[in-house]
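Peer 1: What follows is a protein structure lacking sequence information:
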């Protein structure tokens, strides 16, 4: 775990050097804001290497070497320019209470570790596949040449893999140990947004601590679909505020282009969301500039154009999908948040807007924040956030617009995820505005401490109210002894060692869906179909039917043997739940090995 954390922490230094050289104003914030900018710069610096790696099918060691070179170059630049003292002063000027709270969240994250259930198998399996086979965009753990459209050319997966290669750890261990850094980035994204909008440390800290506390029990914030909005989309909204306020500028164009590119490389969906959250305010500002013939119009237009930098990744994902059969398996995801009215119209459930179970109170507070943003003294900075908020709320809550959006994208889960923009808006317009007001009227240190603590407590209370079971399990794990809290990953690592000893690389293994997903995380081979489907496999419905036939106890042997041979199955991994249904293997087993709670059968198909 320590080596993985050192890898991610080392990337701060090249990012900090780039930040000081290219965006010196951002380097004057407190540590969370500087961390947001430094990791943004580091990811942007390594992005071309990752893209080239995917295009040229390079070994993942190429990115590992680029990371090492970037770290040494960053450290050399900091030394040559005498910035080590500035780094020390950076921590000295950072609010200790805020850093203590963020640090506590990171420590708890280190104890719990990265999420290994649910969709985590997709990410860990992709990272493992990159480590074993180098840069590629193939679906992992399914034999055949299938393009993986959702997370193609993914920078985050590649960086995890590069870290695993450098530290000598497996993909599973690298993923598990990375959670603290991504918790820092969630707080950092909120801080950056709050600082740009309000310009006061207290408001910035309030936004950061509320957002971090609200996501404190979410052990899957290292998912691309969590990191992209909570870190990068928050920064993109801040860039839009800067562009509208300053009438564009070369640095704004650079930031927006780099941010759009990074969103495309981490999760392309949020390139579209950035187009709404950042593009709409800038389009309004450009239109006003045209009417007033004001200065900076073309720079503002350049900022709008910069948002298209991530568009190629979105287009590749869209046109690289495997067809209607694949789409049918994912279209229902998120359907519980889209409700049908009595007249048949569709809209987002208002009781789940902003926060899950937030209800009318959250929407009412957000509405009050919008009024304050337009009527208060900070409207010059807040109106872009209000514009993005009103547009998002209209799409989600107005049936005609929600229906049009659903027809446009064809998937309810895409529309439902727009709700993250309302979350960012709430933390800014409500939490940030309240903190900024207190900062104006009460500047004593104890008021600042009280506001920071109140923001963190409020975020934690919302988290406990919206996901009480998840929160209880998270904190129980965080305070459990090592044997208990690490039991799942230790069992999975035991399976990894078992597979390395008993299975040849590249073999196809028959097992049920849940075990197949687990196998994909730890074994460089293939299964018929992982659990939960696989959004890059066009014939997955056929594969699912065939898998059920191969596992069913009453399938005739000639039919079962034909299917086993078709998929190249040589091994059968039997779980405890499957054990009662293995009578068909009698007389057809060449070898039996038992370990890690599984039974591995090497099959004979010649009889």
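Peer 2: That came through, no problem. Everything numeric in this text was worked out from a predicted model, so none of it was measured.

Peer 1: and residue 90, what pLDDT?
Peer 2: Looking at residue 90, its pLDDT is 95.

Peer 1: How many residues are close by it?
Peer 2: 19 (other CB atoms under 10 Å). Bear in mind the C-beta positions are built from the backbone N, C-alpha and C, glycine included.

Peer 1: again with residue 224
Peer 2: Residues near residue 224, counting by other CB under 10 Å: 22.

Peer 1: nearest spatial neighbour of it, skipping sequence neighbours?
Peer 2: Among residues not flanking residue 224 along the chain, residue 267 sits closest, at 4.3 Å (CB to CB, 6 or more residues apart in numbering).

Peer 1: same thing with residue 118?
Peer 2: In space, residue 118 is closest to residue 220, 6.9 Å off (CB to CB, 6+ apart).

Peer 1: Would you confirm that that neighbour contacts residue 123?
Peer 2: No: the pair residue 220 / residue 123 is not scored as a contact, 9.2 Å apart, by CB atoms under 8 Å.

Peer 1: out of those two, which sits in the more crowded spot?
Peer 2: Set residue 220 next to residue 123 and count neighbours by other CB under 10 Å: residue 123 wins out with 24 against 20.

Peer 1: what does the helix or strand encompassing the more buried one contact?
Peer 2: For residue 123, the host element (DSSP states H and E) is helix 120-133. Contacts to helix 120-133, defined as CB atoms under 8 Å, 6 or more residues apart in numbering, come from residues 60, 114, 116, 136, 138, 140-141, 148, 151, 154, 157-158, 160-161, 164-165, 170-172, 174-175, 220, 223-224, 517-518, 520-522, 524, 530-532.

Peer 1: pLDDT below threshold where in the stretch 251-400 of the chain?
Peer 2: 294-295, 321-335 (pLDDT under 70).

Peer 1: all helices for it, in order.
Peer 2: Counting by DSSP state H, counting those that start in this stretch, the segments of the stretch 251-400 of the chain that form helices are 269-274, 280-292, 297-306, 311-319, 324-330, 359-375, 379-397, 399-409.

Peer 1: how many degrees apart are the last one and helix 379-397 in direction?
Peer 2: When axes from the mean of the first three to the mean of the last three CA atoms, to 10 degrees is applied, the directions of helix 399-409 and helix 379-397 differ by 80 degrees.

Peer 1: List of residues touching helix 399-409?
Peer 2: 338, 341, 345, 346, 347, 348, 394, 395, 396, 412, 415.

Peer 1: Got phi/psi on the residue nearest to residue 118?
Peer 2: phi -110, psi 30 (degrees, to the nearest 10).

Peer 1: next one: the one 3 residues further on
Peer 2: Torsion angles at residue 223 (phi, psi; degrees, to the nearest 10) stand at phi -60, psi 140.

Peer 1: Next: residue 595.
Peer 2: Dihedral pair for residue 595: phi -180, psi 160, per degrees, to the nearest 10.

Peer 1: How many neighbouring residues does it have?
Peer 2: Residue 595, neighbours per other CB under 10 Å, totals 14.

Peer 1: any idea how far the nearest residue to it once chain neighbours are set aside is from residue 12?
Peer 2: Leaving aside its chain neighbours, residue 595 sits nearest to residue 498 (4.8 Å; criterion: CB to CB, 6+ apart). Per CB to CB, to the nearest Å, residue 498 is found 37 Å from residue 12.

Peer 1: Any idea what residue 571 is bridged to?
Peer 2: Beta-bridge partners for residue 571, by DSSP bridges, are residue 509, residue 602.

Peer 1: Next, count neighbours for it.
Peer 2: 21.

Peer 1: ditto for residue 606
Peer 2: 7.

Peer 1: Checking my notes, it in a strand, right?
Peer 2: No: under DSSP: H, G, I helix; E, B strand; the rest coil, residue 606 falls outside any strand and is assigned coil.

Peer 1: Endpoints of stretch 265-278, how far apart?
Peer 2: With CA to CA, to the nearest Å as the measure, the ends of stretch 265-278 fall 18 Å from one another.

Peer 1: again but with stretch 587-605, I slipped
Peer 2: Stretch 587-605 end-to-end distance (CA to CA) = 10 Å.

Peer 1: quick one, what contacts the closest residue to residue 181 other than its chain neighbours?
Peer 2: Nearest non-adjacent residue to residue 181, counting by CB to CB, 6+ apart: residue 8, 4.1 Å away. When contacts are counted by CB under 8 Å, 6+ apart, residue 8 touches 163, 178, 181.

Peer 1: Then residue 269?
Peer 2: Counted by CB under 8 Å, 6+ apart, residue 269 has contacts 225, 228, 314, 414, 417.

Peer 1: Most neighbours among those residues, which one?
Peer 2: Neighbour counts for these, by other CB under 10 Å, peak at residue 228, which reaches 25 neighbours.

Peer 1: So residue 590, which state does it fall into?
Peer 2: Using three-state DSSP, the structure places residue 590 in strand.

Peer 1: ok but residue 238 is inside a strand, no?
Peer 2: No: under three-state DSSP, residue 238 sits outside any strand and is assigned helix.

Peer 1: wait, it sits on residue 193?
Peer 2: Yes: with contact defined as CB under 8 Å, residue 238 reaches residue 193; the gap is 4.6 Å.

Peer 1: The residue nearest to residue 181 - that's part of a helix, no?
Peer 2: Yes: using three-state DSSP, the assignment for residue 8 is a helix.

Peer 1: And the pLDDT at it?
Peer 2: The per-residue pLDDT reported for residue 8 equals 98.

Peer 1: likewise residue 532?
Peer 2: So, for residue 532, pLDDT stands at 66.

Peer 1: One more: the one 3 residues further on?
Peer 2: The model reports residue 535 with a pLDDT of 64.

Peer 1: re the thing from before, could you point out which element follows the helix holding residue 123?
Peer 2: With DSSP H and E, the next secondary element past helix 120-133 is helix 155-167.

Peer 1: Check which helices and strands that following helix sits against.
Peer 2: Judged by 3 or more CB pairs under 8 Å, 6 or more residues apart in numbering; DSSP states H and E, the packing partners of helix 155-167 are helix 2-10, helix 31-56, helix 61-80, helix 120-133, helix 171-177, helix 224-227, helix 250-266.

Peer 1: Select, out of the ones you listed, the one closest to residue 367.
Peer 2: helix 224-227 (26.3 Å; CB to CB).

Peer 1: Please identify the buried residues of stretch 372-391?
Peer 2: Neighbour counts over stretch 372-391 (16 or more other CB atoms under 10 Å) mark 372-373, 378, 381-391 as buried.

Peer 1: Show me the two of the residues you listed that sit farthest apart.
Peer 2: Pairwise over these, using CB to CB, the maximum falls at 378 and 391, 19.9 Å.

Peer 1: Quick one: mean pLDDT over the helix holding residue 123.
Peer 2: 95.

Peer 1: Residue 446 sits in which helix or strand?
Peer 2: With DSSP H and E as criterion, residue 446 is part of helix 445-466.

Peer 1: Could you check the angle that helix makes with helix 359-375?
Peer 2: 140 degrees.

Peer 1: Do a quick rundown of the strands in the stretch 501-607 of the chain.
Peer 2: 508-510, 526-527, 569-574, 589-595, 598-603 (DSSP state E, counting those that start in this stretch).

Peer 1: how about CSV for these, with mean pLDDT added?
Peer 2: Putting these into CSV (pLDDT from 0 to 100) gives the following:
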stretch, mean pLDDT
strand 508-510, 95
strand 526-527, 94
strand 569-574, 94
strand 589-595, 91
strand 598-603, 93
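
Peer 1: for those, which one ends up most surrounded?
Peer 2: strand 526-527 (a mean of 24; mean count of other CB atoms under 10 Å).

Peer 1: Any chance you could list what contacts that strand?
Peer 2: 141-143, 506-511, 516, 519-520, 568.

Peer 1: Now do residue 462 against residue 188, distance only.
Peer 2: Residue 462 is 20 Å from residue 188, by CB to CB.
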